[in-house]
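Visitor: let's see this in three dimensions:
(one chain, ligands or ions: 2)
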Amino acid sequence: MKRVFSGIQPSGNLTIGNYLGAMKNFVRLQHEAQCLFCVVDLHAITVPQDPAALRQNSRNLAALYLAAGIDPEKSIVFIQSHVPAHAELGWLLQCIAYYGELGRMTQFKDKAATKDVVTAGLFTYPALMAADILLYQADLVPVGEDQKQHLELTRDIAERFNHRFGDTFVVPEPYIPKVGGRIMSLENPEKKMSKSDESQGAYIAILDPPDVIRKKISRAVTDSDKEVRYDIEQKPAVSNLMTIFGLFTDMTMEQVTEHFAGKGYGQFKKELAEVVVDGLAPVQARYQELIATDEVDRVLRTGAERARDLSRQTLATVKERLGFLAE
Ligand code: AMP
Ligand code: TRP
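Guide: Residues are numbered from 1 along each chain as shown. Ligands and ions are numbered 1, 2, ... in the order given. Purely as a prediction, here's the structure:
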């Protein structure tokens, strides 16, 4: 059985970009692979976090995983900092990764450009991400388009280690959806939809109430002319909205185009809003149930135990291959 690993940072306010680009695939993959889904709190602290908010966000994200349909009987759901092997292998792989290749990471360059202070952790972040994946010998990593470069670096690190120290790591493949791998901002179709956007109108949060979703969609930018037509070059804003519609209804772009033939933007946006509201409603309802109970906490305890068990062997092999004296 194939092994799958993915993670999301608990930095609050997950968007439908996270949902359509990553989480929906997590749910799909758990039927055909052994999956680990992680709340990557060690990654979150590469930028300043309020401690109380981080704790809350970590638990909430775990609840959202379950609410989105991840079945804890099938998949392992856990918090990254509960499994010390992540930090440990992360350090070892920092000593395999090159300064130059980390400096070429576009996510680092983009984030560093907007910050007054840049932590060393923000720079070495991709080595920790490689550790997350390689620790479990994952074959497949479902992520959005923006993580492709990090996955390539992970593969390079794995190959380099295997070459120098003997076959140790499975070299993982990215699993990026062809449609939905990059959902764009509602206010600027040149920009990725991001939970850290300073303007709340740019994104729809998975937990946004129906009226907020309706308002954001009615204010979303569109393109010139009145036609609902899929054309990334000429009509990036409408194409992005059509992608969202297609993903929530399981319709192809041809079907969406046909459905809205002869209808204007007003009608399109109205239907889109209802489709998004209805699509998120069951996730929101389940989420509210879950955060009120201790089910999440139980799932996380079991998840951490299972992840710790699975991580032990790889870490031991790595340390032995590197030449560390046995305890
Ligand atoms: P992050 O919020 O950066 O931890 O991202 C969690 C997951 O969501 C990663 O797999 C990202 O690639 C994916 N993701 C984030 N934003 C988007 C987006 N706008 N479109 C598609 N996928 C996204
Ligand atoms: N870097 C990812 C993001 O920002 C989160 C992440 C950390 C991750 N470790 C991972 C994703 C391992 C996939 C696999 O979205």
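Visitor: where do the strands of the stretch 101-250 of the chain begin and end?
Guide: Under the criterion DSSP state E, counting those that start in this stretch, the stretch 101-250 of the chain contains strands at 140-142, 173-175.
Visitor: return the most buried member of those.
Guide: Among the strands of the stretch 101-250 of the chain, strand 140-142 has the highest mean neighbour count (mean count of other Cβ atoms under 10 Å), at a mean of 22. Where C-beta positions appear, they are placed from N, C-alpha and C, glycine not excepted.
Visitor: before we move on, the earlier item: would you mind saying which of the strands of the stretch 101-250 of the chain lies nearest Glu233?
Guide: Smallest distance to Glu233 across the strands of the stretch 101-250 of the chain (Cβ to Cβ): 25.1 Å, for strand 173-175.
Visitor: list the neighbouring strands of that closest one plus their orientation.
Guide: Here strand 173-175 has these sheet partners by DSSP bridges: strand 140-142 (parallel).
Visitor: is ligand 2 contacted by the strand it pairs with?
Guide: Yes: using Cβ under 6 Å from any ligand atom, we find that strand 140-142 touches ligand 2 at Val141.
Visitor: so does the one helix or strand Leu300 maps to get close to ligand 2?
Guide: Under the criterion of DSSP states H and E, Leu300 resides in helix 295-322. No: Helix 295-322 is not in contact with ligand 2 by Cβ under 6 Å from any ligand atom; minimum separation 12.8 Å.
Visitor: next, format the strands of the stretch 101-250 of the chain as CSV and append mean pLDDT.
Guide: Converted to CSV, these look like this (pLDDT from 0 to 100):
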stretch, mean pLDDT
strand 140-142, 98
strand 173-175, 98
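Visitor: need those in a markdown table with distance to ligand 1, can you?
Guide: A markdown table is the format used below for those (distance: least, Cβ to the nearest ligand atom, whole Å):
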| stretch | distance to ligand 1 |
| --- | --- |
| strand 140-142 | 7 |
| strand 173-175 | 10 |
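Visitor: adding distance to Thr317, write those out as JSON lines.
Guide: JSON lines is the format used below for those (distance: least, Cβ to Cβ, whole Å):
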{"stretch": "strand 140-142", "distance to Thr317": "21"}
{"stretch": "strand 173-175", "distance to Thr317": "21"}
